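A.B. asks: sequence? don't have it. structure:
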């Protein structure tokens, strides 16, 4: 298996990206191709004492100032564009990039293409909740959605939860302002009807509407949303977690007695922090693209890139894309509906 890594994407490129790639090569045993300016990548590899990673030279870099919708077309020799071209041409099994989310999504859609029949690809992070985690799909790729998009997100999320989250019968909820069937606007009403029908046909396990407070309750594994609402939920969650961790740290360092309590709970606190650490999660899958593409966090360090590669390996081995392809007819609206 070969993982293609955009060496120039992200705030800490190329040093941390290369370090993470070397970790993946040594610990996971996967073949790696780093894409970026050859001299810069070679210098980083030399520091790591690594000589068994391939380099694909790319002279340009896509920055946050580039227009996402045209970045990979305008900068054809950018590390991201070259990486996606390599994936399309079969030179690797998956792509990992910490670069611009919008550029990666657009580039993957135009270069690697969506699975035939899928209307829109979605960003689908797995958040820490319950036994298996909870997938939020979509969280920013599609600000405006149709009910059919949400239906497809529900199917793709269910397949992902079964294949990669270890959940045999994932529960699907529609993110809404209330749990009653009549809540929400026109989009939510239409999507609710489609999801309930799919549930009645035994194709997904739809449990109804889910409020924001219910996302982390452990009662759902897949939360379906339009990209705008999903992104607000995701960013709010990240902010609250950071705030709570800061507050918790302040409490434990307040006085000697509290410090003693912190020492007793040190292992448990470290375990809790690990479940919320973006460096442990790895990245976000672009679900609906015809080959595995993983978006790593923009501030990824070596550990985060390693985790993203590990996620990419699991994605390749999962059979998720085959599941979606084989069931595509159940995910499309009929002309008589």
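C.D. replies: Received, thanks. What you see is a predicted model, and the numbers here were worked out from it, not measured in a lab. Residues are numbered from 1 along each chain as shown.
A.B. asks: Pretty sure residue 301 sits against residue 10.
C.D. replies: No: using C-beta atoms under 8 Å, residue 301 makes no contact with residue 10, being 9.2 Å away. Where C-beta positions appear, they are placed from N, C-alpha and C, glycine not excepted.
A.B. asks: Mind listing the shared neighbours of those two?
C.D. replies: Listed as contacting both residue 301 and residue 10 by C-beta atoms under 8 Å, 6 or more residues apart in numbering are residue 16.
A.B. asks: Among these two, which residue is more densely surrounded?
C.D. replies: The residue with more neighbours, out of residue 301 and residue 10, is residue 10; 23 against 19, by other C-beta atoms under 10 Å.
A.B. asks: Count the residues that sit near the nearest residue in space to that one that is not next to it in sequence.
C.D. replies: Spatial nearest neighbour of residue 10, chain neighbours left out: residue 98 (3.0 Å); criterion: C-beta to C-beta, 6 or more residues apart in numbering. A count of neighbours around residue 98, defined by other C-beta under 10 Å, yields 31.
A.B. asks: Over to the one 3 residues further on?
C.D. replies: Using other C-beta under 10 Å as the criterion, residue 101 is surrounded by 20 other residues.
A.B. asks: Same question for residue 245.
C.D. replies: 15.
A.B. asks: same deal with residue 150?
C.D. replies: Neighbours of residue 150 (other C-beta under 10 Å): 25.
A.B. asks: Against residue 181, how distant is it?
C.D. replies: Look at residue 150 and residue 181: by C-beta to C-beta, to the nearest Å, they are 15 Å apart.
A.B. asks: Could you do residue 309 as well?
C.D. replies: Residue 309 is 43 Å from residue 181, by C-beta to C-beta.
A.B. asks: Between the two, which has more neighbouring residues?
C.D. replies: Each of residue 309 and residue 181 has its neighbours counted (other C-beta under 10 Å); residue 309 has more, 27 against 14.
A.B. asks: which other helices and strands contact the host helix or strand of the more buried one?
C.D. replies: Secondary structure from DSSP states H and E places residue 309 in helix 302-318. Counting contacts by 3 or more C-beta pairs under 8 Å, 6 or more residues apart in numbering; DSSP states H and E, helix 302-318 packs against strand 2-6, helix 15-28, strand 94-97, helix 147-164, helix 278-281, strand 283-287, strand 293-296.
A.B. asks: The first one pairs with which strands?
C.D. replies: To tie it back to what came earlier, the one meant is strand 2-6. For strand 2-6, the paired strands and their directions (DSSP bridges) read strand 31-36 (parallel), strand 94-97 (parallel).
A.B. asks: looking at the helices and strands packed on helix 302-318, which one has the lowest mean pLDDT?
C.D. replies: Confidence, taken as mean pLDDT, is least for helix 278-281 of the helices and strands packed on helix 302-318 (a mean of 68).
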